[in-house]
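Participant: here's a sequence, model it:
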Amino acid sequence: MKWQGFALLAGLSIALLSGCGAPSSTTGGNAYQTTGSSNSTTSTANQTAATASPAAAIGHMAPNFDLAQLGGTGNVSLSKLLANGEPILLNAWASWCPPCQMETPDLIKMSQKYKGQMQFVGVDMTTQETNPKDASAFVKKYGIPYSVLMDTQGTFLNAYALQGFPTTFVISPKGKILDVEFGMMTAERMQTVIQQAIAASK
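Facilitator: Alright, predicted model coming up:
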């Protein structure tokens with residue numbers, strides 16, 4: 001029984017790190033694909049990203065986007081964010097996704113710790129929500145202090161070829177993708193990624 005319990009816990013841990021499945025942008029309907037890898041093998045995950053989505057791979061220029069900001073305060077584009085001169089952490093999530101829920105508190109802490117050095121932006125996969133209002137409830141529940149954008153038409157999901165949530169893109173002030181993280185990041189991994197991005201942007 002002890003071994004069965006251990007196996008169950010191990011399976012749950014892997015599932016959380018791997019993230020939630022997202023509909024394939026090429027198959028449509030209710031087809032789902034899993035994320036490329038857990039964060040324990042980040043290099044493998046990044047290689048998967050380069051193969052599956054060349055446009056949103058490490059070393060490539062990040063695809064532009066222009067999305068409505070949650071709360072009706074106007075649209076935010078990638079070019080507008082780049083004008084601030086700081087690296088960007090783009091975190092794609094959905095309110096129903098358990099790994100997204102677990103990752104959010106650490107993202108909030110990091111956004112406060114590195115304020116003025118790193119821009120944090122959440123992107124809600126609105127087309128995947130049961131109710132668009134769920135995104136607002138999610139932001140209110142966790143007290144997210146940074147900008148949250150709404151992907152109401154699925155343009156971000158398709159441009160970045162997302163296959164699971166959460167997925168995080170780290171972008172340099174010049175618009176180049178520095179890192180892609182599949183699934184929930186640990187606080188330690190998150191801090192490492194942020195510090196590397198800040199150092200690379202000086």
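Participant: hmm, S136 is touching G72, no?
Facilitator: No - with contact defined as C-beta atoms under 8 Å, S136 does not reach G72; the gap is 10.6 Å. C-beta coordinates here come from the backbone N, C-alpha and C atoms, glycine included.
Participant: who has more neighbours out of these two?
Facilitator: Taking neighbours as other C-beta atoms under 10 Å, S136 and G72 compare with S136 leading, 16 against 7.
Participant: and the pLDDT at the more buried one?
Facilitator: With respect to pLDDT, S136 scores 97.
Participant: for A199, same thing?
Facilitator: pLDDT at A199 comes out at 97.
Participant: cool, and C100?
Facilitator: The per-residue pLDDT reported for C100 equals 97.
Participant: how about the helix or strand hosting it, which residues are buried there?
Facilitator: Taking DSSP states H and E as the criterion, C100 maps to helix 98-113. Buried residues in helix 98-113, defined by neighbour count with 16 or more other C-beta atoms under 10 Å: 99-101, 103-104, 106-108, 110-111.
Participant: right, and the helix or strand after that helix?
Facilitator: strand 119-124.
Participant: okay, angle between that next one and helix 98-113 too, please.
Facilitator: Here strand 119-124 points in a direction 160 degrees away from that of helix 98-113 (axes from the mean of the first three to the mean of the last three C-alpha atoms, to 10 degrees).
Participant: strand 119-124 - what's its average pLDDT?
Facilitator: The model assigns strand 119-124 a mean pLDDT of 98.
Participant: so which elements touch the helix or strand that it is followed by?
Facilitator: For strand 119-124, the following helix or strand on the C-terminal side (DSSP H and E) is helix 133-142. Helices and strands touching helix 133-142, by 3 or more C-beta pairs under 8 Å, 6 or more residues apart in numbering; DSSP states H and E, are helix 98-113, strand 119-124, strand 147-150.
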